[in-house]
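Visitor: Okay, sequence plus prediction incoming.
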Amino acid sequence: MSSRAALLRSRPILGYATSTWAIRSSWRLPMLEMDGIDVRYGATQVLWDVSLRVGAGEVVAVMGPNGSGKSTVLKVAMGLKTPSAGRVVFEGADLTRAPATARPGAGMSIVLERRRLFPRMSLRENIEIGGFVLPRAEARAQMEGVLALFPELVPHLEASAGRLSGGQQQMAAIARGLMAKPRLLLMDEPLLGLSPALQTRAFQLMADINARGVAILFNEQNAALSFRLSHRGYLLESGRVVLTGSGTDMLNHPEIRRVYLGEAAA
Ligand SMILES: Nc1ncnc2c1ncn2[C@@H]1O[C@H](COP(=O)(O)OP(=O)(O)OP(=O)(O)O)[C@@H](O)[C@H]1O
């Protein structure tokens, strides 16, 4: 039996039970709902009937192997890709066809893969841009609050963003995303290319951000990283959700352990 067939047979894991990390309650009201999402690039369909939920204050991981469609799911949530079928609803508003630029005003911020800072602008200016939806005084106060989360960036605020290390750029991209006071942070591969030490720092940051009440939807290829960090997770294979459950349930699922964590079958 293929791994996918085995997973399908064993689903659902069920549950919104607690995971190992930063849990405050066991069930949250739906905040972001993606229902029945199909996506095509030209003639090629890459997502089939993907449904996913993020509750208020939850951290939710989309995990899967290369090419399984993780980034495409995030792009649909971000408004960077319009699905050919299905709906994206955020706090009751249908955003399926709303562009990415409408997300910050609605309460969602986007942190893109590979940072995407403006290299010639200073780090401070790059972060400030994220607060464009706020009145000036509020943006100033928010900048102070955001920088308190990123003490390692403070000495470099006047440096050109292009001169920062990859890890600093990633932190800056997250800081910029927080400037709009999001209730939901959408993060495309936030751990990609970070050293183990920086991954640990990014984990801690995501926990700190979530502890301030911000929900997070992110994607990641590594099962251990994905599910240790999340209240709930989704496993994608070949453009379909094949498994979902709490972070703990996902980590403990025998197929995840065998296929994605490399453990020998008992
Ligand atoms: N712009 C595009 N045009 C055509 N096909 C695309 C495009 N972007 C992604 N694809 C295809 O869609 C499928 C899903 O890609 P996606 O990047 O969403 O997967 P992923 O799970 O995030 O992969 P990775 O971990 O390698 O980033 C892949 O087959 C990919 O080749």
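Guide: Yep, it's here. Given the structure is predicted, the values throughout are model-derived calculations rather than measurements.
Visitor: Secondary structure element holding residue 39?
Guide: strand 30-41 (DSSP states H and E).
Visitor: How about residues contacting that strand?
Guide: 45-56, 58, 69, 72-73, 76-77, 81, 83-91, 108, 183-184, 215, 217, 239 (Cβ atoms under 8 Å, 6 or more residues apart in numbering). For glycine as for every other residue, the C-beta is placed from the backbone atoms N, C-alpha and C.
Visitor: buried set for it?
Guide: 31-35, 37-39 (16 or more other Cβ atoms under 10 Å).
Visitor: starting at the chain centroid, how far to that strand?
Guide: 14 Å (Cα atoms, centre = their mean, to the nearest Å).
Visitor: which is the next helix or strand following that strand?
Guide: Defined by DSSP H and E, the subsequent element after strand 30-41 is strand 44-55.
Visitor: how many degrees apart are that next one and strand 30-41 in direction?
Guide: Comparing the axes of strand 44-55 and strand 30-41 via axes from the mean of the first three to the mean of the last three Cα atoms, to 10 degrees yields an angle of 180 degrees.
Visitor: Which neighbours in the sheet does strand 44-55 have, and how are they oriented?
Guide: Strand 44-55 pairs in its sheet with strand 30-41 (antiparallel), by DSSP bridges.
Visitor: now the strand it pairs with: mean pLDDT?
Guide: If you average the pLDDT over strand 30-41, you get 96.
Visitor: Can I get that strand in PDB, CA atoms only?
Guide: Taking Å, rounded to 0.1, in the frame of the first residue of the first chain, the C-alpha atoms of strand 30-41 are listed here in PDB:
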ATOM      1  CA  PRO A  30     -12.500  29.600  12.800                       C
ATOM      2  CA  MET A  31     -10.700  32.700  11.600                       C
ATOM      3  CA  LEU A  32      -9.400  31.700   8.200                       C
ATOM      4  CA  GLU A  33     -11.400  29.100   6.300                       C
ATOM      5  CA  MET A  34     -10.200  27.700   3.000                       C
ATOM      6  CA  ASP A  35     -12.800  25.400   1.400                       C
ATOM      7  CA  GLY A  36     -12.600  23.100  -1.600                       C
ATOM      8  CA  ILE A  37      -9.600  24.800  -3.100                       C
ATOM      9  CA  ASP A  38      -8.500  23.800  -6.600                       C
ATOM     10  CA  VAL A  39      -5.500  25.500  -8.300                       C
ATOM     11  CA  ARG A  40      -4.200  25.300 -11.800                       C
ATOM     12  CA  TYR A  41      -1.000  26.700 -13.300                       C
END
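Visitor: Would it count as contacting the ligand?
Guide: Yes - shown here: strand 30-41 in contact with the ligand (Cβ under 6 Å from any ligand atom) through residue 41.
Visitor: what does stretch 104-114 give?
Guide: No - using Cβ under 6 Å from any ligand atom, stretch 104-114 stays clear of the ligand, coming no nearer than 7.8 Å.
Visitor: How about residues contacting that stretch?
Guide: 32, 71, 77-78, 80, 90-91, 93, 95, 98, 100, 103, 130, 132-133, 173-174, 176-190, 192.
Visitor: And those, which of them are buried?
Guide: 32, 71, 77-78, 80, 90-91, 95, 98, 100, 103, 130, 133, 173-174, 176-190.
Visitor: Which of the residues you listed fall within helices?
Guide: 71, 77-78, 103, 173-174, 176-178 (DSSP state H).
Visitor: Pick out the most distant pair among these.
Guide: Farthest pair in those (Cβ to Cβ) is 71 and 178. Separation: 21.3 Å.
Visitor: doesn't residue 205 fall inside a strand?
Guide: No - using DSSP: H, G, I helix; E, B strand; the rest coil, the secondary structure at residue 205 is helix, not a strand.
Visitor: where's it relative to the ligand, distance?
Guide: 22 Å (Cβ to the nearest ligand atom, to the nearest Å).
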